[in-house]
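S.K.: Got a predicted structure here, sequence first:
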Amino acid sequence: MAGKASGRKAKESPRQMRRHCARKARAPVFEPRPDAPAPNISSKAPDVSGIVASISELSAVETVSLWRNAVKKLGDKSRVAWHPAARLVLRAVQDEWERREAELLASEDGFPWPSTRAPRGLGAIDSAGWLKEGMLSFMGYRVGSTNGMEVDERQQLLAAIFDGPLPPVFPRRYMAEWSRPSAPGRLRKMAETLAAFARNGKRRDDAAMDQAVEDWEEDLDFLFHEFYRGRFGFAWPRVQIDFER
């Protein structure tokens, strides 16, 4: 039932079958894998006070970059000494997103917000481009064989997106679709987005999309078992499509 509800193909590739069988053994998000290197407890934790103090002056792209680095650090069990600093930065970025969201509540829309910094290379990025790109992509989510992330990093990122605040860089109506942290609406939006990506990838009937489709289905399955099953009751999206003959 779970496989059917989560949109898994009727016929799986050997790679998918191996991943499916190994799912129960997969370490929880932010927990060490069995083959992870021993923690480097001698590493000196960095001083991030300056970074935290400057967050209110950063652009949207810069805050997301900090957020991604913090999430990645928390998933690296070989650098446990860095985890307190990473949590501090992560919380500070999330607090800043919530502060900016509160300031925007009285405005007509949710973008853009002013920044005192104008780093080189970011001038061409505007809110219209962000909306076309979408929330997951803006937060750094990537799949596929060319520029895709490893499965653990992707799912670590998805878990952080589900559990925490999001930057208010999109129009209010679009932000409302993403609901609140850990809410059923947040999970529904994430699942529907991944399912739509997978369906569109299948419709292209392009071998170059095979890895991306497999990644999307794998991540949809991860969300189903990690956050949906036994917790929420909305209809889980399907990724099967009926091709016209």
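M.R.: Now that the structure is in, tell me what you want to look at.

S.K.: Other residues contacting stretch 192-212?
M.R.: The contact list for stretch 192-212, computed with Cβ atoms under 8 Å, 6 or more residues apart in numbering, reads 7, 134-136, 143-145, 148, 213, 216-217, 219-220, 223, 237-239, 241, 243. C-beta here means a position set from N, CA and C on the backbone, and glycine is covered the same way.

S.K.: quick one: average pLDDT of it?
M.R.: Computed over stretch 192-212, the mean pLDDT rounds to 90.

S.K.: Stretch 218-230 now?
M.R.: Per-residue scores along stretch 218-230 average to 96.

S.K.: what's the span of that stretch, first residue to last?
M.R.: Stretch 218-230 has its terminal residues 19 Å apart, counting by Cα to Cα, to the nearest Å.

S.K.: what does stretch 55-64 give?
M.R.: End to end - Cα to Cα - stretch 55-64 spans 11 Å.

S.K.: Among the contacts of stretch 192-212, the buried ones, what's the PyMOL command?
M.R.: To isolate the buried members of those in PyMOL, using 16 or more other Cβ atoms under 10 Å:
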select buried, resi 7+135+136+143+144+213+216+217+219+220+223+237+239
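
S.K.: Which members of the contacts of stretch 192-212 are positioned in helices?
M.R.: If you go by DSSP state H, the contacts of stretch 192-212 have 135-136, 213, 216-217, 219-220, 223 in helices.

S.K.: where along this structure do the helices fall?
M.R.: Counting by DSSP H, the helices of the chain are 2-5, 14-22, 49-54, 60-74, 83-104, 127-133, 135-138, 151-163, 172-177, 184-203, 210-223.

S.K.: tally of neighbours for the closest residue to Pro237 other than its chain neighbours?
M.R.: Nearest non-adjacent residue to Pro237, counting by Cβ to Cβ, 6 or more residues apart in numbering: Ala195, 3.7 Å away. Counted by other Cβ atoms under 10 Å, the residues lying close to Ala195 total 20.

S.K.: how close does Ala195 sit to Arg172?
M.R.: Plainly put, Ala195 is 24 Å away from Arg172 if you go by Cβ to Cβ, to the nearest Å.

S.K.: Same list (the ones in helices among the contacts of stretch 192-212) but as a markdown table, adding distance to Gln94.
M.R.: As requested, the ones in helices among the contacts of stretch 192-212 are exported to a markdown table (distance: Cβ to Cβ, whole Å):
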| residue | distance to Gln94 |
| --- | --- |
| Met135 | 15 |
| Leu136 | 17 |
| Val213 | 32 |
| Trp216 | 26 |
| Glu217 | 29 |
| Asp219 | 22 |
| Leu220 | 25 |
| Leu223 | 20 |
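
S.K.: and Trp97, how many neighbours?
M.R.: Counted with other Cβ under 10 Å, residues neighbouring Trp97 total 21.

S.K.: Over to Ser182: give its phi and psi.
M.R.: Main-chain torsions, Ser182, degrees, to the nearest 10: phi 70, psi 10.

S.K.: which non-adjacent residue is nearest it?
M.R.: Nearest in space to Ser182, with sequence neighbours left out and distances taken as Cβ to Cβ, 6+ apart, is Asp163 at 5.6 Å.
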